Structures are given as structure tokens and as C-alpha cells.
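**Q** using only what follows, build the 3D model:
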Amino acid sequence: MPQVTYTDHTGQSRTIDATVGDSVMETAVRNGVPGIVAECGGSLSCATCHVYVDRADADDLPPMGEMEDEMLWGTAEDRRECSRLSCQLRVTEGRDLHVTTPTTQV
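**A** Just a heads-up that it's a prediction; the model follows:
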């Protein structure tokens, strides 16, 4: 079973077994991971599920779409090269992910 490791801005990590096909955001919300607000519930109309993807994992992810790219300019914390919206990141078989949540989402 794939796993997602969420690290908060203080360095505390939490690893969750994830369901293939779910988003990284859905996995976080379902498991009470702090730092993922997800105000829009994954409809790509807010930026409150912003994460920084570990550079080692970034190359294995599909490229971001135009809407995700636009939404990332509205994040509460500065956008970085490795910024993604966790609602747009799907859990896939055989791929663990490591993400860090920003200090704030709002």
C-alpha cells in the first residue's frame, strides 16, 4: 500500500497508508493531518491544500495543469518551485510521496 508522509513546518512528520486513486488532500483530511485546510473540498477553487513536494518525488508526478498553476499564485505562503495543490496529486500504486505543509494556508 502506498504511503504519504506529511511533514509540518516544525519538522514533525506523520506517515499515512493511502488508498490508490485518492488525492493527497483527501488522505490528509480523512486522517486529520494538520496543515491541510481544503476549504473547497478538492474542486480546484482555493489554494488551502498547498504543499511542497519533496524534490525526490517531484519528477515522478504528472505535470500541473493550467488551473493548478494559476491557483498556486494565490497561496498564503510563498509559492516555490516544488509547490503543488495536494487535491491535484493522486496516490498511485508503487509510489510513496513526501510533502511538507506551509506555516499557514489562510
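**Q** may I ask which helix or strand of this protein has the lowest mean pLDDT?
**A** The weakest-scoring helix or strand in the chain, judged by mean pLDDT, DSSP states H and E, is helix 55-58 (a mean of 93).
**Q** from the chain's centroid, how far away is that helix?
**A** Centre-to-centre, helix 55-58 and its host chain are 13 Å apart (C-alpha atoms, centre = their mean, to the nearest Å).
**Q** next: stretch 26-46.
**A** Centroid separation for stretch 26-46 versus its chain: 9 Å, with C-alpha atoms, centre = their mean.
**Q** with just CA atoms, put that stretch into PDB.
**A** Extracted in PDB, the C-alpha atoms of stretch 26-46 (Å, rounded to 0.1, in the frame of the first residue of the first chain):
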ATOM      1  CA  GLU A  26      -8.300  13.600   0.700                       C
ATOM      2  CA  THR A  27      -5.900  11.300   2.500                       C
ATOM      3  CA  ALA A  28      -4.800  14.200   4.800                       C
ATOM      4  CA  VAL A  29      -8.400  15.300   5.600                       C
ATOM      5  CA  ARG A  30      -9.600  11.800   6.200                       C
ATOM      6  CA  ASN A  31      -6.800  11.200   8.700                       C
ATOM      7  CA  GLY A  32      -6.800  14.500  10.500                       C
ATOM      8  CA  VAL A  33      -3.500  15.700   9.300                       C
ATOM      9  CA  PRO A  34      -3.000  19.300  10.400                       C
ATOM     10  CA  GLY A  35      -1.900  21.900   7.900                       C
ATOM     11  CA  ILE A  36      -4.300  20.900   5.100                       C
ATOM     12  CA  VAL A  37      -7.400  23.100   5.300                       C
ATOM     13  CA  ALA A  38      -9.100  22.100   1.900                       C
ATOM     14  CA  GLU A  39     -11.800  24.700   2.000                       C
ATOM     15  CA  CYS A  40     -13.100  23.800  -1.400                       C
ATOM     16  CA  GLY A  41     -13.000  20.100  -0.900                       C
ATOM     17  CA  GLY A  42     -10.800  19.400  -3.900                       C
ATOM     18  CA  SER A  43     -12.700  21.300  -6.600                       C
ATOM     19  CA  LEU A  44      -9.600  23.400  -7.500                       C
ATOM     20  CA  SER A  45     -11.200  26.700  -6.400                       C
ATOM     21  CA  CYS A  46      -9.000  27.600  -3.500                       C
END
